[in-house]
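my questions concern the predicted model and sequence given below.
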Amino acid sequence: MKNAVRTRKAQSAMEYLMTYGWAILIIAVVLGALFSLGVFSSGALLGTSCIALSGYLCSNPVLHSGSFTATIGQATGSSWTSAYLLFVGYGSSAPTSADFVGTNGMSVSGGISSGQSVTFTAGNYISSTGAVTALPTTIGTAVSGSIWAYYSTSSASNLITQIGTVTVKAS
């Protein structure tokens, strides 16, 4: 009688191992297929976003053919004159007024009034090394950073403010 009970327990244990063994094998094959398709790569998880700080607008970021475009606005209650916008890569220090001149920053003709938005376009950015770098053209390559403004108001001049943070993939 003892051998019959022992045999049934052994058979039950083997059935349990075989059933769950096949299930684990199927899960491993599916995970392997997803991994080979690149579903778990960090680049696939990055989305396109533009998160504005309070009082500012940042929307519709696009990186296409080495050119970055976004809609930027401000609602601070004062009009900006002689405004410049600049894209600074993640890991870079805050820009100085010298960073906005030349081809680095985009001059906003006529400034930006409170409640107004403009289309910001940049062909390069300041990288984490501090060098002016061309934006990537390879589809799927992501760039993260922040948008800064250099402007004057009727009561103050040469102000530098961060507008928001951006993560964008080349398309």
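Yes, it's here. Residues are numbered from 1 along each chain as shown.

quick one: secondary structure of Gly21?
Put simply, Gly21 is helix when judged by DSSP: H, G, I helix; E, B strand; the rest coil.

from Ala13, how far off is it?
12 Å (CB to CB, to the nearest Å). Heads up, the C-betas are built off the backbone N, CA and C, glycines and all.

do Met106 as well
Distance from Met106 to Ala13, counting by CB to CB: 71 Å.

then Tyr20?
11 Å.

and for Leu37?
In terms of CB to CB, Leu37 sits 36 Å off from Ala13.

any idea which helix or strand comes after the worst-scoring helix or strand of the chain on mean pLDDT?
Using mean pLDDT, DSSP states H and E, helix 42-45 stands out as the lowest-scoring helix or strand of the chain, at a mean of 54. Using DSSP states H and E, the helix or strand that follows helix 42-45 towards the C-terminus is strand 49-52.

quick one: residues in contact with the following helix or strand past that following strand.
Remark: after strand 49-52, the chain's next helix or strand is strand 56-64, criterion DSSP H and E. Strand 56-64 is contacted by residues 48-52, 68-76, 117, 135-136, 143, 147, 163-164, 166, 168-171 when judged by CB atoms under 8 Å, 6 or more residues apart in numbering.

which ones among the residues you listed map onto helices?
Using DSSP state H, no member of the contacts of strand 56-64 sits in helices.
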